[in-house]
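Asker: Need a 3D model of the following:
(one chain, ligands or ions: 3)
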Amino acid sequence: MALSPGTHPPLRVAVLGCGVVGTEVVRRLVTEGDELAARAGARLELVGVAVRSLDAERDPVVDRSLLTTDAESLVEKADVVVELMGGIEPARTLVLRAVEHGASVVTANKALLAQDGPALYDAADAAGVDLYFEAAVAGAIPIVRPVRESLAGDTVLRVVGIVNGTTNYVLDSMSTAGLGLEQAVKEAQALGYAEADPTADVEGYDAAAKAAILASLAFHTRVALGDVDRVGITALTADDVTWAERTGHVLKLLAVAERARTAEGRDGVLVRVQPTLVPSDHPLAGVRQAFNAVFVEAEAAGELMFYGRGAGGAPTASAVLGDLVSVVRHRVLGGKGPVESSHADLPVLDGGEARSRYQVRLEVDDRPGVLARVASELAAQDVSIESVRQTLQTSGDDASATLVITTHTAPDRALRATVEAVSVLDVVRRVVSVLPVL
Ligand SMILES: NC(=O)C1=CN([C@@H]2O[C@H](COP(=O)(O)OP(=O)(O)OC[C@H]3O[C@@H](n4cnc5c(N)ncnc54)[C@H](O)[C@@H]3O)[C@@H](O)[C@H]2O)C=CC1
Ligand SMILES: N[C@@H](CC=O)C(=O)O
Ligand code: NA
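Answerer: Residues are numbered from 1 along each chain as shown. Ligands and ions are numbered 1, 2, ... in the order given. Model prediction:
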């Protein structure tokens, strides 16, 4: 059956939040109205835009007569609610209220989904409406739909990605333009990439929320923000970036979600976000500025890679509008999108079970026997060394050396124990950094 906007009454769309993404969603609703109607099978009538302030300066594309500060009443008169306010409350209450009133919901709010996803899915399921959230992970990149639908017949083994545009922009600027962290974050904010509070970006919470969503979809298991082992980028220094380059790597904040088996044979999933050394010839090393990329490894499909703009108003609006057309098509033709799939219910394993190669950088005394003592601590934990690089520094009479040790794959737990043992050796002045290597 062909979709015809002429035969279906218009569907009422409410937009909650008119910031970076909300403004771009409104723009496309206004400028692409005919085309969207033809694709969706009904006109999308924008019935209101919930804002905090009616007087704030706004892009002229936003019709001021549609603005309201009464979001609660707005959601009650909509067929589809597009939540772009961010944060937990009042977004959560408004989404639930929308669903209770029979509206489908499209949201970009990864923080809310990673905290309260199951309650929202349950409510949408009970009400027989759609909950779509492509924009919540990696902005414009289609990744939620491929994992949730295209790979529904496969077994996903691992998902590895750069899923936060702000931190990728910051690390890229530190490496290529020599910017400091603070200045780079300011630029990312000005470009509309950062969260309202950029701490969510630089401390890795935003990437962790996205990792939790991807892991839930990929492994048919509920994974929440608190299940994700998370390290942000705030402790990284210009020196870390330089050393990464010297050793043939690029520093990236990576999200990794994978199936794993413990030494005792227990199956589960591991989900972590951490600064990682990516070999410079790896495709993820070439992901620059605020771009994102996600690798998916599945049993039958093999390796898949998704790349594109992970942040910014217009790219994110693209994903929101795609969802909007999908949920409207369901309204027009009947039917519903996928519901939550959490039947596998795998345990989320402790981060200590993760296995990786590591690069450990130490500042040590420059005297005979130092390397042997450090190496024997690694051997004691069964961590084997792949390579060692030593650089001498002299300042007056003081001679020290930087030791960069790359290990073979080792359990995170063993690596941590090794680093602790090494750090108290009298010849070791400082453990400068410990980073996993992809
Ligand atoms: N900016 C980006 O690149 C991306 C953002 N997202 C997500 O999209 C959502 C929106 O992000 P942005 O547009 O960047 O944020 P923003 O901070 O630019 O916009 C949010 C807007 O919502 C308004 N708002 C907040 N609470 C409100 C309330 N109670 N009532 C009415 N209005 C309220 C704020 O005043 C602000 O104008 C967030 O969930 C964010 O995580 C997702 C992907 C990319
Ligand atoms: N702040 C986020 C926006 C997109 O999700 C980011 O920087 O990636
Ligand atoms: Na996406």
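Asker: Isn't Thr68 up against Val49?
Answerer: Yes: here Thr68 lies in contact with Val49, judged by C-beta atoms under 8 Å, at a distance of 7.2 Å. Where C-beta positions appear, they are placed from N, C-alpha and C, glycine not excepted.
Asker: how far out from the middle of the chain is stretch 288-307?
Answerer: Relative to its parent chain, stretch 288-307 has a centroid offset of 13 Å by C-alpha atoms, centre = their mean, to the nearest Å.
Asker: next one: stretch 31-47
Answerer: Distance of stretch 31-47 from the chain centroid (C-alpha atoms, centre = their mean) equals 30 Å.
Asker: From ligand 2, how far off is Gly153?
Answerer: 28 Å (C-beta to the nearest ligand atom, to the nearest Å).
Asker: State the distance from that residue to Pro9.
Answerer: Computed as C-beta to C-beta, to the nearest Å, the Gly153 to Pro9 distance reads 36 Å.
Asker: picking up where we left off before, name the residue in Thr68 and Val49 with the higher neighbour count.
Answerer: Val49 (27 against 16; other C-beta atoms under 10 Å).
Asker: for that one, what are its contacts?
Answerer: Applying C-beta atoms under 8 Å, 6 or more residues apart in numbering to Val49 gives the contacts 14-16, 18, 22, 26, 62, 66-68.
Asker: Neighbours of Val278, how many?
Answerer: Counted with other C-beta under 10 Å, Val278 comes out at 22.
Asker: how about the helix or strand containing it, does it get close to ligand 2?
Answerer: Taking DSSP states H and E as the definition, Val278 sits inside strand 267-279. No: residues of strand 267-279 contacting ligand 2 under C-beta under 6 Å from any ligand atom: none, with a closest distance of 12.2 Å.
Asker: From the chain's centre, how far out is that strand? Work that out for me.
Answerer: Using C-alpha atoms, centre = their mean, the offset of strand 267-279 from its chain centre is 12 Å.
Asker: and it, what does it pack onto?
Answerer: If you count contacts as 3 or more C-beta pairs under 8 Å, 6 or more residues apart in numbering; DSSP states H and E, strand 267-279 packs onto helix 205-219, strand 229-230, strand 249-261, strand 428-437.
Asker: so can I have TSV of these showing mean pLDDT and mean neighbour count?
Answerer: Shown next, in TSV, are those (pLDDT from 0 to 100; neighbours: other C-beta atoms under 10 Å):
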stretch	mean pLDDT	mean neighbour count
helix 205-219	98	28
strand 229-230	97	20
strand 249-261	97	23
strand 428-437	96	18
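Asker: tally of neighbours for the residue of the stretch 251-400 of the chain found nearest ligand 1?
Answerer: Closest contact between the stretch 251-400 of the chain and ligand 1, by C-beta to the nearest ligand atom, is at Ala311 (3.4 Å). Ala311 sits with 29 neighbouring residues when counted by other C-beta under 10 Å.
Asker: Domain ranges for this structure, per the record?
Answerer: The record's domain split for the chain, according to automatic domain parsing, is 5-140+314-333, 149-309, 354-437.
Asker: Using a markdown table, lay out those together with distance to Val339.
Answerer: What follows is these, written out as a markdown table (distance: least, C-beta to C-beta, whole Å):
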| stretch | distance to Val339 |
| --- | --- |
| domain 5-140+314-333 | 5 |
| domain 149-309 | 12 |
| domain 354-437 | 31 |
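Asker: Out of the contacts of Val49, the closest to ligand 2 would be?
Answerer: Gly22 (13.5 Å).
Asker: list the buried ones in the strand or helix carrying that closest one?
Answerer: Assessed by DSSP H and E, Gly22 sits inside helix 20-31. Across helix 20-31, burial judged by 16 or more other C-beta atoms under 10 Å covers 20-29.
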